[in-house]
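**Q** Following is a predicted model, sequence given first.
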Amino acid sequence: MEILAFLLSLICVLLNAFGKTLTWPFAIASSALYAWVFQDAKLFGDAALQIVFIVLAVYGWWCWGKNPSTAPQKKPSHIKKQDQIILAIALSLIFILLRIGLIQYTSSDVPTTDALLTAASLIATYMSAKRWIENWIIWTIADLAYIGLYVYKDLYLTALLYGLFIILCILGWKQWSKQMDKS
């Protein structure tokens, strides 16, 4: 199961780096598989995150598939200062709520790390759906931390995947920057 989730996730991020709408169906499929993998590994925040990723992937698919004449964010853009503040507050609140929930209602042995990375991933996915280029920065930082977490949880293939994601984040940043330069 982890191998298939690995492959679908890799394709998903590669398609995202090139701004392809097809990224979103791959996000849905890989998230569904990883929900199962993470549940087995007792990474309950990550497992729940996959369900939210599915919802956000539907939203991203809808955003990216809009008619170009009605889609103000068709090309990547920089996030505005007010949105940065809102997302920082949202990240903090999501982290706190998830951490409390993981401590009180699960047997997670890494509730703080799981909650923080889950919150960062939610914010980064939302930013990607909005086509804010800074999503690649958030993903890179989160992916670095995820590598350590997955090695700790003996999910070595998934740790490798997140190492590859860092390379794809750099590619995504470059590709989205080119798209912005064309505008």
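**A** Looks like it came in fine.
**Q** Run through who's touching the lowest-mean-pLDDT helix or strand in the chain.
**A** In the chain, no helix or strand scores lower on mean pLDDT, DSSP states H and E than helix 44-64, which sits at a mean of 88. With contact meaning Cβ atoms under 8 Å, 6 or more residues apart in numbering, helix 44-64 is reached by 21, 23-25, 27-28, 31-32, 34-36, 38-39, 71, 73, 98, 102, 106, 108, 111, 114-115, 117-118, 121-122, 125-126, 128-131. C-beta: built from backbone N, CA, C; applies to glycine.
**Q** from the residues you listed, which ones fall inside strands?
**A** Using DSSP state E, the subset of those located in strands is empty.
**Q** Please indicate which of those are buried?
**A** 23-24, 27-28, 31-32, 34-35, 38, 98, 102, 106, 108, 111, 114-115, 117-118, 121-122, 125-126, 128-131 (16 or more other Cβ atoms under 10 Å).
**Q** Which positions within stretch 8-24 qualify as buried?
**A** 8-17, 19, 23-24.
**Q** how many other residues sit next to Ile133?
**A** Using other Cβ atoms under 10 Å, Ile133 has 20 neighbouring residues.
**Q** try Leu164
**A** Using other Cβ under 10 Å, Leu164 has 15 neighbouring residues.
**Q** distance of the nearest residue to it once chain neighbours are set aside from Asn16?
**A** Spatial nearest neighbour of Leu164, chain neighbours left out: Leu10 (6.2 Å); criterion: Cβ to Cβ, 6 or more residues apart in numbering. When distance is defined by Cβ to Cβ, to the nearest Å, Leu10 is 11 Å away from Asn16.
**Q** Give the intersection of the neighbour lists for the two.
**A** Common neighbours of Leu10 and Asn16 (Cβ under 8 Å, 6+ apart) are Leu168.
**Q** Where does the prediction get shaky in the protein?
**A** Scanning the chain for pLDDT under 70 picks out 66-74, 183.
**Q** mind running it again at 50?
**A** For the chain, the stretches with pLDDT under 50 are 68-72.
**Q** Show me the helices in it, by range?
**A** In the chain, the helices defined using DSSP state H lie at 2-17, 23-40, 44-64, 81-105, 111-129, 135-152, 156-181.
**Q** Out of these, indicate the one that is most buried.
**A** With neighbours taken as mean count of other Cβ atoms under 10 Å, the helices of the chain reach their highest mean count in helix 111-129, at a mean of 22.
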